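Participant: Structure of the sequence below:
(2 chains)
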Amino acid sequence: MTRLSNAFPANHPALVTFITAGDGDTAANLDALVAGGADVIELGMPFTDPMADGPAIQKANIRSLEAGTTTADIFAIATAFRTRHPDVPLVLMGYANPMTIRGADWFASECNKAGVDGVICVDIPPEEDAELGPTLRNAGIDLIRLATPTTDTARLPAVLDGASGFLYYVSVAGITGLQQAAQTSIDEAVARLKAYTDLPVAVGFGVRTPEQAANIARVADGVVVGSALVELVAEHGINAAGPIRDYVASLKAAIQSARS
Amino acid sequence: MTTPEPVLNSFRNQPDDRGHFGQFGGRYVAETLMPLVLDLEREYRAAKQDPAFQAQFDDLLEHYVGRPSPLYHAERLTAECRKDAPEGKGAQIWFKRDELNHTGAHKINNCIGQILLAIRMGKTRIIAETGAGQHGVATATVCARFGLPCFIYMGAKDIERQQPNVFRMRLLGAEVIPVTSGAGTLKDAMNEGLRDWVANVHDTFYIIGTAAGPHPYPELVRDFQSVIGTEARAQMLARTGRLPDLLVAAIGGGSNAIGLFYPFLDDKDVAMLGIEAAGHGLDKEHAASLAGGRPGILHGNKTYLLQDEDGQIAEAHSISAGLDYPGIGPEHSWLKEIGRVRYDSVTDKEALDAFQLLCRTEGIIPALEPSHAIAAVAREAVKMDKDAIILANLCGRGDKDIFTVAEALGVNI
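Facilitator: Down below sits the predicted model:
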């Protein structure tokens, strides 16, 4: 078992939380996510051209890059997090170019050194898996794949081939942080995905309220919340840790109550 | 037409079935778009085999766009360049006149092809990105022609410097959506186009303006633009009984250049030169991805990009808004690496000089994009023998640029 697979015990839906590295006081914010009860941390790697993200995460990327965040800074943040939290799974999420620019070997090796458990790359679909997938898998790092409302049943095996850690279901065809999917469509999609894979299925995109999180947690193995957290950093700047912890705790309580 | 069929060991058999030109190209898109990109590829393969599709494309190019565009021997420009040439030097200069197309540039060739594909796929809403506004105008034009709603993403900064084209697009019924993220230029408009597409995949077709983006776009844009080189090759043979010695074209994303080059790639005695925008100079701000960048992944493809050591994309600069992009089509990256095409660059100032040179010697006001090619033509002509032939693509006319040029020359109009 890995840190990541341990994060999804049966009948205990996990809370997966995202913040952008280098935006605000990242170390304090990461600690606040853990204190609030997050089960998996996604640490966003800022990119100049985040074409799958909505305004909230776009702005977080710009704030981080304008503050001078480098890839070395991101791995330093991850390394320090791993020292403080030996057991909390940490996933890097971002775009292909910053991940591959020094070669897949370099990236996988840095992930290993920093104690990163998994990677989500938005713009490397299964068709381009050779770019990063084999190297990450050889290094024992999970490559987390995304399924979307446009991923039909015929395509699903390609998406699942080489996927590990968990399956991230992007519940809306769109960008991060804007629309919310109807609960019935999420229920149907999760049931369909779970018929094809034993991987835990976590659902994200547009999840904001504890009530929504609880509804998703009734059917899915995990709930992903990102833009709402990034907006707290935008609002509170370097003093976001308190509000983040409280908000995460409210999500966690809702998720825990979902199956009791 | 006398274009040779692709052969074994041909330079014309790329991309492979996964959309790769050597290590370049590919399909680096979010999963939401992936099924659509695969759909588009299937539909494009079917259309390519469909004589009715080809017939409709050819008919529109002839009667709506005004093709074939003329092949023109620029004798006064040739004479002007010979003044500075050593004895016996000073090649003949010829132009493929795609600036005479409807809407004033080569962009319309591709837009006709893509809107026919969109209609074939049952899509009812068209989006596009634009930098200078030429692709936006061409897209708005074909949308008006076929009665489809049209949404054009354009950087807020580009909207400011290209007001006439913004007004043209609106006259044609398009909605121009300002993009304020990033630096508010072409790359940001492309990001916003992709965001729109991902949210509206069910009914929307994205007409990409250059030979870049996820497969099959680089291939299909090249194929639609290859009408330029196919015509030019036949015209040159008919007029001079031989092929040109050197082809020259300006490159932003590279669609006019690949359109000219592709039909000649297997003519081994035809040399080719692609000209990137060197902006203020290659050691300053510029848009020359091949000269100043390295391979990376952006906007759906792997290609040469202007970027820092962490892979963050740099802002490009060129006086020509149409060349102001930090990447280049993946086939050009491949042609550079295998050495089939030579690439060089021309600065803002050299392009401005060439712009004025063509106005005065030939009575043609070129766009700033081909002005880069013209500067390179003048540079090359003096090194080549008098009986050599240079063929350059005059891919757009300069009406849209007169305000930019006036400002650069310090003239108040």
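Participant: Every contact and neighbour count from this point should use C-alpha atoms.
Facilitator: OK.
Participant: Please tell me how far whatever residue of the stretch 301-413 of chain B ends up closest to chain A sits from residue B:245.
Facilitator: Of all residues in the stretch 301-413 of chain B, residue B:311 sits closest to chain A, at 4.6 Å by C-alpha to the nearest C-alpha. Residue B:311 sits at a distance of 38 Å from residue B:245 (criterion: C-alpha to C-alpha, to the nearest Å).
Participant: Those two - which one has more neighbours?
Facilitator: residue B:311 (26 against 19; other C-alpha atoms under 10 Å in any protein chain shown).
Participant: Next, count neighbours for residue 84.
Facilitator: The chain I'm using is chain A. That count, for residue A:84 with other C-alpha under 10 Å as the rule, works out to 12.
Participant: ah, I was thinking of chain B
Facilitator: 14.
Participant: got it, and the one 10 residues further on?
Facilitator: The number of residues packed around residue B:94, counting by other C-alpha under 10 Å, is 23.
Participant: Kindly report the same for residue B:63.
Facilitator: There are 11 residues near residue B:63, going by other C-alpha under 10 Å.
Participant: Could you verify that it is part of a helix?
Facilitator: Yes. Checked against DSSP: H, G, I helix; E, B strand; the rest coil, residue B:63 lies within a helix.
Participant: what's the pLDDT at it?
Facilitator: We have a pLDDT of 98 for residue B:63.
Participant: Is it correct that the residue of the stretch 301-413 of chain B closest to chain A falls within a strand?
Facilitator: No. Per three-state DSSP, residue B:311 lies outside any strand segment and is coil.
Participant: and it, what does it touch?
Facilitator: Residues in contact with residue B:311, defined by C-alpha atoms under 8 Å, 6 or more residues apart in numbering or on different chains, are A:97, A:98, A:101, B:296.
Participant: For it, which non-adjacent residue is closest in space?
Facilitator: residue A:98 (4.6 Å; C-alpha to C-alpha, 6 or more residues apart in numbering or on different chains).
Participant: Helix or strand for the one you found, just tell me which one.
Facilitator: Using DSSP states H and E, the element containing residue A:98 is helix A:96-100.
Participant: Could you list the residues in contact with that helix?
Facilitator: Taking C-alpha under 8 Å, 6+ apart as the rule, helix A:96-100 contacts A:47, A:71, A:107, A:121-124, A:131-132, B:296-298, B:310-312.
Participant: So which of those residues are in helices?
Facilitator: Counted as lying in helices by DSSP state H, out of the contacts of helix A:96-100, are A:71, A:107.
Participant: which one of the contacts of helix A:96-100 is nearest residue A:190?
Facilitator: Proximity of the contacts of helix A:96-100 to residue A:190 (C-alpha to C-alpha) peaks at residue A:122, which lies at 20.1 Å.
Participant: What are the phi and psi values at that closest one?
Facilitator: phi -60, psi -40 (degrees, to the nearest 10).
Participant: the helices in the stretch 1-150 of chain A, which residues?
Facilitator: A:3-6, A:26-36, A:55-66, A:71-84, A:96-100, A:104-114, A:133-138 (DSSP state H, counting those that start in this stretch).
Participant: Save those as TSV, and put in mean pLDDT too.
Facilitator: As requested, the helices of the stretch 1-150 of chain A are exported to TSV (pLDDT from 0 to 100):
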stretch	mean pLDDT
helix A:3-6	92
helix A:26-36	98
helix A:55-66	95
helix A:71-84	98
helix A:96-100	98
helix A:104-114	98
helix A:133-138	97
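Participant: which one of these is the most hemmed in?
Facilitator: Highest mean neighbour count of the helices of the stretch 1-150 of chain A: helix A:96-100, a mean of 23 (counted as mean count of other C-alpha atoms under 10 Å in any protein chain shown).
Participant: So what's the gap between that helix and the chain middle?
Facilitator: 17 Å (C-alpha atoms, centre = their mean, to the nearest Å).
Participant: Now do the buried residues in the helix or strand containing residue B:110.
Facilitator: Under the criterion of DSSP H and E, residue B:110 resides in helix B:107-120. Neighbour-count burial for helix B:107-120, with 16 or more other C-alpha atoms under 10 Å in any protein chain shown as criterion, is recorded at B:107, B:108, B:109, B:110, B:111, B:112, B:113, B:114, B:115, B:116, B:117, B:118.
Participant: need those in a markdown table with pLDDT, can you?
Facilitator: Converted to a markdown table, those look like this (pLDDT from 0 to 100):
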| residue | pLDDT |
| --- | --- |
| B:107 | 96 |
| B:108 | 97 |
| B:109 | 98 |
| B:110 | 98 |
| B:111 | 98 |
| B:112 | 98 |
| B:113 | 98 |
| B:114 | 98 |
| B:115 | 98 |
| B:116 | 98 |
| B:117 | 98 |
| B:118 | 98 |
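Participant: between the strand ranked longest in chain A and helix A:55-66, how many degrees?
Facilitator: Of all the segments assigned as strand in chain A under DSSP state E, the longest by residue count is strand A:14-20. Using axes from the mean of the first three to the mean of the last three C-alpha atoms, to 10 degrees, one finds that strand A:14-20 and helix A:55-66 are set 50 degrees apart in direction.
Participant: which helices and strands sit right next to strand A:14-20?
Facilitator: helix A:26-36, strand A:40-44, helix A:55-66, strand A:222-225, helix A:227-236, helix A:241-258 (3 or more C-alpha pairs under 8 Å, 6 or more residues apart in numbering or on different chains; DSSP states H and E).
Participant: Could I get the CA-only coordinates of that strand as PDB?
Facilitator: Below are the C-alpha coordinates for strand A:14-20, written out as PDB (Å, rounded to 0.1, in the frame of the first residue of the first chain):
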ATOM      1  CA  ALA A  14     -11.600  11.200   1.000                       C
ATOM      2  CA  LEU A  15     -11.300  15.000   0.800                       C
ATOM      3  CA  VAL A  16      -8.800  16.000  -1.900                       C
ATOM      4  CA  THR A  17      -7.800  19.700  -1.700                       C
ATOM      5  CA  PHE A  18      -5.900  21.900  -4.200                       C
ATOM      6  CA  ILE A  19      -3.900  25.000  -3.700                       C
ATOM      7  CA  THR A  20      -1.400  26.700  -6.100                       C
END
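Participant: Farthest-apart pair in the contacts of residue B:311, please.
Facilitator: It's A:98 and B:296 that sit farthest apart of the contacts of residue B:311, by C-alpha to C-alpha, at 8.7 Å.
Participant: At the contact with chain A, which residues of the stretch 1-150 of chain B appear?
Facilitator: Selection of the stretch 1-150 of chain B residues close to chain A by C-alpha under 8 Å from any C-alpha of the partner chain yields B:18, B:26, B:27, B:28, B:29, B:30, B:31, B:32, B:33, B:34, B:35.
Participant: Report the buried members of these.
Facilitator: Buried among the residues of the stretch 1-150 of chain B next to chain A (16+ other C-alpha under 10 Å): B:26, B:27, B:28, B:29, B:30, B:31, B:32, B:33, B:34, B:35.
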